[in-house]
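# Predicted model, plus sequence, below.
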Amino acid sequence: MAEPAQPKPGVTVRELVREAGQAALASALARDGSGRPYASLVLSACDHDGSPVLLLSDLADHSKNLASEPKASLLFDGTAGRADPLTGPRAYWRATPPATRAPPTMPASRTSGSTA
């Protein structure tokens, strides 16, 4: 009996990113000026094209690191529950994150004057 066909690596990576919900984000530490590696756990989602999407707080060290040095790497880990984690799927990105965007502002509320 033939072994089942293995999915293509691109399919495996897209599935991993879509299902992970979290990733390790590595950046260069800006707080003390050393540029030492700094890794943190971030929540993730997946864009329609398979690109990872991260929602980061401006208060977090990793956001400050990326503002200072816009280079990062992401690691998505799909090895949970395996007897040998080194056999599980992992996806790694090296990237220059796009410029951050300010959240949209709400228009000023308008109140209508009423007389009683």
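Happy to help now that I have it. Residues are numbered from 1 along each chain as shown.
# residues in contact with residue 89?
Residue 89 makes contact with 12-13, 16, 78-79, according to CB atoms under 8 Å, 6 or more residues apart in numbering. In this view, the C-beta of every residue, glycine as well, is placed from N, C-alpha and C.
# Might you report the residue contacts of residue 42?
22-25, 54, 56, 62.
# before we move on, the earlier item: are any of the contacts of residue 89 buried, and if so which?
13, 16, 78 (16 or more other CB atoms under 10 Å).
# Point out the ones among those residues that are inside strands.
Using DSSP state E to define strands, no part of the buried ones among the contacts of residue 89 is located there.
# which one of these is nearest residue 50?
Using CB to CB, residue 13 is the member of the buried ones among the contacts of residue 89 that lies nearest residue 50, at 7.8 Å.
# The top helix by length along the chain: which residues count as buried?
Ranked by residue count under DSSP state H, the longest helix found in the chain is helix 9-20. For helix 9-20, burial by neighbour count (16+ other CB under 10 Å) applies to 13-17, 20.
# now those residues in JSON lines, with distance to residue 90?
Below are the buried residues of helix 9-20 laid out as JSON lines (distance: CB to CB, whole Å):
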{"residue": "13", "distance to residue 90": "9"}
{"residue": "14", "distance to residue 90": "14"}
{"residue": "15", "distance to residue 90": "13"}
{"residue": "16", "distance to residue 90": "8"}
{"residue": "17", "distance to residue 90": "11"}
{"residue": "20", "distance to residue 90": "10"}
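# Is there a neighbour count for residue 36? I'd like the number.
10 (other CB atoms under 10 Å).
# for residue 32, helix, strand, or coil?
coil (DSSP: H, G, I helix; E, B strand; the rest coil).
# give me the element residue 38 is part of.
strand 37-46 (DSSP states H and E).
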